[in-house]
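1. just coords:
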């Protein structure tokens, strides 16, 4: 496993990619409302990324046909935007997007409610987001990768939800997916020791029901096997000498 340590110059480029991606997500959230299509979201995302001087990471990646992965309700990740897929009041929708700035990448995902959603759906979204923050409490130099993974799993399971096991986070840099793979559940091995300059995409994917998943016929969209709601929260982070830096937020929590 070759985990790259980024130079200060590389980190600055990734900071800018992340800053721009944070703006993209803010604009997508502001755009979200009942009655629009998932294709509308993708077009808005593409236009915003280009306007801000970046390239969309996802467009054409291994054949993916859009700039924004738009996943609705029981769709966990990689939903393909469609002109006839309309969002309705009460849906929950995940935007997963990436930006490339001067060859360096950022990757982040958010799940939002469409209009007024049920308290149960909002709790799922909140727990998923907070599990990310529980995990990165351990994203410090000298700790092991499994410390992050275990903290995420513990928080999610304590709230009665399940972690998707077939999909994981990853390193990131000049490539969207670099070493290491980052599970959201505890491993038997401790994993790599974290070092300053590592850049990681931490992304809990949480199901309201069982953890089992299915791949749809489009070979991209992953859904919950039992049809339960799913939520996803992701940021690109930097391991430092102290607390981790979240690169894909304009302000940290």
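-> Looks like it came in fine. Computed from a predicted model, the values in this text were never measured in an experiment.
2. use CA for all of it now, contacts and neighbours both
-> Will do.
3. Could you pull up the contacting residues of residue 230?
-> Residues in contact with residue 230 (Cα atoms under 8 Å, 6 or more residues apart in numbering) are 73, 74, 75, 76, 124, 205, 206, 207, 208, 224.
4. ok, it to residue 171 distance?
-> Distance, residue 230 to residue 171, by Cα to Cα, to the nearest Å: 23 Å.
5. same question, residue 215
-> Taken as Cα to Cα, the span from residue 215 to residue 171 is 23 Å.
6. higher neighbour count, the two?
-> Taking other Cα atoms under 10 Å, residue 215 and residue 171 do not tie; residue 171 has more neighbours (21 against 15).
7. Can you give me the buried ones in stretch 22-36?
-> Buried residues in stretch 22-36, counted by 16 or more other Cα atoms under 10 Å: 22, 23, 24, 25, 28, 29, 32, 36.
8. Equivalent analysis for stretch 41-53, please.
-> 41, 42, 43, 44, 45, 46, 48, 49.
9. counting contacts, what elements does whatever helix or strand the last one lives in pack onto?
-> Element membership of residue 49, judged by DSSP states H and E, is helix 38-51. For helix 38-51, the elements it packs on are helix 8-31, strand 55-56, strand 68-72, judged by 3 or more Cα pairs under 8 Å, 6 or more residues apart in numbering; DSSP states H and E.
10. okay, the ones you listed in CSV with distance to residue 188 and mean pLDDT next?
-> Formatted as CSV, these follow (distance: least, Cα to Cα, whole Å; pLDDT from 0 to 100):
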stretch, distance to residue 188, mean pLDDT
helix 8-31, 31, 98
strand 55-56, 36, 98
strand 68-72, 31, 98
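11. With respect to residue 96, which of those lies nearest?
-> Minimum separation from residue 96 across the helices and strands packed on helix 38-51 (Cα to Cα) falls at strand 68-72, 5.0 Å.
12. What pairs with that closest one, parallel or antiparallel?
-> Note on strand 68-72: by DSSP bridges, its sheet partners are strand 92-101 (antiparallel).
13. Run the chain-centre distance for the partner strand.
-> Chain-centre distance of strand 92-101: 7 Å, with Cα atoms, centre = their mean, to the nearest Å.
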